[in-house]
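>>> Fold the stuff below for me.
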Amino acid sequence: MTSFSTEPPAPDEFEVSLFGPGKGESVVVHLGARRWIVVDSCRDQRTRKVAALDYLRGIGVDLATEVLAVVATHAHDDHFDGIAEIVEACSAATIVTSQALMNREFFALIEADRDIAGVTDTASYREYRRIFEIIQQRKNKVGIRPGRRAEENKVLLDLSAVGAVPAARVTALSPSEQAVTRSLEALAGNHLYEMGERTRRSTYDPNEASVALWATVGEVSVLLGADILRGPAGCGWGAVLQNFSFTEPATLYKAAHHGSRTSHHDGLWEKLLADKPVVLVAPFRGGGSNVPNGDEIAYFLNRTDKVWITSPRQPTPNKAFRRQAAKLGTLAKNPRDPYGVIGHLRARTPMVGVAWQVDNFAPAVQLRTP
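Numbering: from 1, shown residues only. Below you'll find the model as predicted:
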């Protein structure tokens, strides 16, 4: 059973909490003065609880008033399970989705979802459809800006100072203009919206549309990498490095794409990140994939000694899983539980630029050079 800390941050503390069970991830950020954002969602597959909601309720956050934005970075199930539940609970929050998927072709895909049930990844699109329904319902509420589209260099939140708590800003670094164009080309190429024909699904990789974020409070900045990749040309980290300007480098990095080599870009360490930053990783354990692998972990440890991971190994199957595997007998070849217990990494720092304090809650651990 997952158990999170119940100690809230001080009003003048910057917090980045990362949750990950081995499949899925979610980030919760405190911007000071009880102002929060939630990025993506993961669900405990054993208890069915949504990690971000469980944590925020446990530390006394008023979800209806104190969560200012919910960001759905891209349409992959490992970032999306439970996102509509978060949106429903955080009734004053602005809902942020990627510009690369907010177009009439994608709306057509959502409407066609009932016709393509059973096709891979449809669950994330069902969550999207529910989010859009909520946006429509909230459009007439006074003081609520229910939906925004994220694209490169777009400021999503610009918060004034509150007493001694400094101003805060959250900026989208992606998708780039080229990534948006590629998403439209892919959707059109698959005839998802040609004369009402909805028989094929786009092969466009939603990671190309992923929303990376830069959050700054006072003198401290963090980089939240979502699942952004190195490229292709005009997209990913290459586009961010070319187009984004900042004052001070980030001292904390939520590693992109679960730490996979597909997201590694030396330019991040040369330009966007401070010397020896804190790196937080939520792994991916699914099927035959184990990300990050040894070489990918070494990539980070060769650049900083401050690397933590929410789940260091393949989860140990619980009794129910082992019981089910036993029933299958020889039909179950090398059965593995990809979910496991959700690990929690909590990084906090005063907003004057003091070093981060990272606390890890099992099974999360700090990674060290062998």
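
>>> in stretch 272-288, what counts as buried?
272-274, 277-286 (16 or more other Cβ atoms under 10 Å). For every residue, glycine as well, the C-beta is placed using N, CA and C.

>>> any chance of those in JSON lines, plus distance to Ala255, pLDDT and secondary structure?
Below are the buried residues of stretch 272-288 laid out as JSON lines (distance: Cβ to Cβ, whole Å; pLDDT from 0 to 100; DSSP: H, G, I helix; E, B strand; the rest coil):
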{"residue": "Leu272", "distance to Ala255": "13", "pLDDT": "98", "secondary structure": "helix"}
{"residue": "Leu273", "distance to Ala255": "11", "pLDDT": "98", "secondary structure": "strand"}
{"residue": "Ala274", "distance to Ala255": "15", "pLDDT": "97", "secondary structure": "strand"}
{"residue": "Pro277", "distance to Ala255": "10", "pLDDT": "98", "secondary structure": "strand"}
{"residue": "Val278", "distance to Ala255": "11", "pLDDT": "98", "secondary structure": "strand"}
{"residue": "Val279", "distance to Ala255": "6", "pLDDT": "98", "secondary structure": "strand"}
{"residue": "Leu280", "distance to Ala255": "7", "pLDDT": "98", "secondary structure": "strand"}
{"residue": "Val281", "distance to Ala255": "5", "pLDDT": "97", "secondary structure": "strand"}
{"residue": "Ala282", "distance to Ala255": "8", "pLDDT": "96", "secondary structure": "coil"}
{"residue": "Pro283", "distance to Ala255": "10", "pLDDT": "93", "secondary structure": "coil"}
{"residue": "Phe284", "distance to Ala255": "11", "pLDDT": "90", "secondary structure": "strand"}
{"residue": "Arg285", "distance to Ala255": "15", "pLDDT": "79", "secondary structure": "strand"}
{"residue": "Gly286", "distance to Ala255": "17", "pLDDT": "70", "secondary structure": "strand"}
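
>>> can you put those in CSV and add distance to Gly353?
Shown next, in CSV, are the buried residues of stretch 272-288 (distance: Cβ to Cβ, whole Å):
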residue, distance to Gly353
Leu272, 17
Leu273, 15
Ala274, 10
Pro277, 13
Val278, 13
Val279, 18
Leu280, 19
Val281, 24
Ala282, 26
Pro283, 30
Phe284, 32
Arg285, 35
Gly286, 38
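
>>> so which of those residues comes closest to Asp78?
Nearest to Asp78 among these is Phe284, at 6.5 Å by Cβ to Cβ.

>>> Rank the helices and strands of the protein by mean pLDDT and give me the bottom one.
helix 104-111 (a mean of 52; mean pLDDT, DSSP states H and E).

>>> Distance of the residue nearest to the spatial centre of the chain relative to Ala282?
Against the mean C-alpha coordinate of the chain, by Cα atoms, centre = their mean, the closest residue is Asp40 at 4.1 Å. Distance from Asp40 to Ala282, counting by Cβ to Cβ, to the nearest Å: 10 Å.

>>> same thing with Pro312?
Pro312 sits 12 Å away from Ala282, going by Cβ to Cβ.

>>> low pLDDT regions in the protein?
Along the chain, the parts satisfying pLDDT under 70 run over 1-3, 22, 101-124, 142, 189-204, 287-288, 313-339.
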